[in-house]
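Asker: Just need the structure, nothing else, for what follows:
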Amino acid sequence: KAMLLLKKKRYQEQLLDKTENQISNLERMVQDIEFTQIEMKVIEGLKIGNECLNKMHQVMSIEEVERIIGETQDAVEYQRQIDELLAGSLTEEDEDAILEELDAITQEQLELPEVPSEPLPEKIPEASPTKNRPKPELVAAS
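Answerer: Residues are numbered from 1 along each chain as shown. Got it, this is the predicted structure:
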């Protein structure tokens, strides 16, 4: 009878080992499926990104981009030339003419409107309810 119980115990242990192996295999399969699903999402994202890039390439050609870059460089060079002219290329005669023009402008009589001679009416400031409100306290979030 003891031998029969040992055989039964051995059989149940083998059955338990097989079951654990099957559970382990199932868990591995679930992990593989989940990883494959993630890979599929990544591939789908790459596919959509690639389609968007292709559409952008169809809208803008290389020649157009080169033309825009060239125009931008020309505009920057033109602005640099203007800056150089304004920065230091004024002669002493130009500066004298500018100063004379400034003096003429500042010495001109400007016609200003007449200022009323009557005193301004006095207003009594009213206490507004918004000024009497206590300031809210800041409370730290927990």
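
Asker: Quick check: next helix or strand after the longest helix seen in the chain?
Answerer: Longest helix in the chain, counting residues (DSSP state H): helix 2-59. Per DSSP states H and E, the first helix or strand lying C-terminal to helix 2-59 is helix 62-88.

Asker: Give me the distance between that next one and the centre of its chain.
Answerer: Chain-centre distance of helix 62-88: 28 Å, with CA atoms, centre = their mean, to the nearest Å.

Asker: In it, which of the residues would be classed as buried?
Answerer: When neighbours are counted by 16 or more other CB atoms under 10 Å, no buried residue of helix 62-88 is found. To be clear about C-beta, it is placed using only N, CA and C from the backbone, and glycine gets the same treatment.

Asker: With just CA atoms, put the helix or strand just after that helix into CSV.
Answerer: Following helix 62-88 in sequence order, the next helix or strand is helix 92-107 (DSSP H and E). Extracted in CSV, the C-alpha atoms of helix 92-107 (Å, rounded to 0.1, in the frame of the first residue of the first chain):
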residue,chain,number,x,y,z
GLU,A,92,30.8,114.8,-41.3
GLU,A,93,28.7,116.8,-43.7
ASP,A,94,25.8,114.4,-43.3
GLU,A,95,26.0,114.6,-39.6
ASP,A,96,26.1,118.4,-39.7
ALA,A,97,23.0,118.4,-41.9
ILE,A,98,21.2,116.1,-39.5
LEU,A,99,22.0,118.3,-36.6
GLU,A,100,20.8,121.4,-38.4
GLU,A,101,17.6,119.6,-39.3
LEU,A,102,17.1,118.6,-35.6
ASP,A,103,17.7,122.1,-34.4
ALA,A,104,15.2,123.5,-36.9
ILE,A,105,12.6,120.9,-35.8
THR,A,106,13.2,121.7,-32.1
GLN,A,107,13.0,125.5,-32.6
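
Asker: from now on call the first residue 3
Answerer: With the count now opening at 3, the last piece we talked about shows up as helix 94-109.
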